[in-house]
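Engineer: This is a predicted model, with the sequence first.
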Amino acid sequence: MSQPKFAAFAGSARKDSVNKKLIRLAAAAAEKAGAAVTLIDLRDYPMPLYDGDWEAKEGVPEIAQKLRRLLIEQDGLLIASPEYNSSLSPLLKNTIDWVTRGSKTLQEALAPFQDKVVGLYSASPGGLGGMRGLVHVRSILSSIGAFVLPDQVAVSSAFEAFDEAGKLKDAALSQRVEALAQKAVRTAEGISNLYGVAGSSAKVSV
């Protein structure tokens, strides 16, 4: 296949988010494995809280359409999700909701996630590293057509887990982060080779 394309982002807008630190490491590992990676900051894609009445009046925000188009062009996604009250962050859920709006058919609506290979990460100051939130992220993405890898990486005690350069202090944990990113890239390549197309996703006009 041609070089696999991945988008990587954290479900947090906070500048010093530990999940942003984590996703940068995952993105670097995917690039090292041969992928072309677009690192996204959701702070650059501000969207209103999803409201059906607002959408009926104003339509899908252009910034949501822009992100949607970007995601559709990818073969895979790397996502680092914070845990909010044992679930995913409102920012991540709202982003998923908006980028799947504005299409005439269900297949078109789900194109940003349909058949994408997804590697999941989380970081949390708690002892479970955000794993409870990943259960919900996995359920949502699987239900809308993504191929979510069974492996995942959760970084516990995250405020102490990174050094000043943004690297993980634990070498074994760092290797797990890299291994998951590498597996995502290899899986995307394998799916592409299986179907004989350059990229696993169907490109849908929006």
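Structural biologist: Happy to help now that I have it. Please read all numbers here as calculations on a predicted model, not as lab measurements.
Engineer: okay, the one residue sitting closest to the centre of the chain: pLDDT?
Structural biologist: In the chain, the centroid-proximal residue (Cα atoms, centre = their mean) is Ile79; its distance is 2.9 Å. Among the per-residue scores, Ile79 shows a pLDDT of 98.
Engineer: Which helix or strand contains the residue lying farthest from the centre of the chain?
Structural biologist: What lies farthest from the middle of the chain is Lys57; by Cα atoms, centre = their mean that is 29.2 Å. Assessed by DSSP states H and E, Lys57 sits inside helix 52-58.
Engineer: who does that helix touch, helix- and strand-wise?
Structural biologist: Applying 3 or more Cβ pairs under 8 Å, 6 or more residues apart in numbering; DSSP states H and E, we find helix 52-58 packed against no helix or strand. (Glycine included, C-beta is placed from N, CA and C.)
Engineer: after it, next one along is what?
Structural biologist: helix 62-72.
Engineer: List the buried residues of that next one.
Structural biologist: Ala64, Gln65, Leu67, Arg68, Leu70, Leu71, Ile72 (16 or more other Cβ atoms under 10 Å).
Engineer: Ok, stretch 45-56 next?
Structural biologist: Residues of stretch 45-56 classed as buried by neighbour count (16+ other Cβ under 10 Å): Tyr45, Met47, Tyr50, Glu55.
Engineer: contacting residues for the residue nearest to the centre of the chain?
Structural biologist: Contacts for Ile79 were tallied using Cβ atoms under 8 Å, 6 or more residues apart in numbering; they are Ala8, Phe9, Ala10, Gly11, Ile23, Leu92, Val118, Gly119, Leu120, Tyr121, Val137.
Engineer: Name the nearest of these relative to Ser86.
Structural biologist: Val137 (11.9 Å; Cβ to Cβ).
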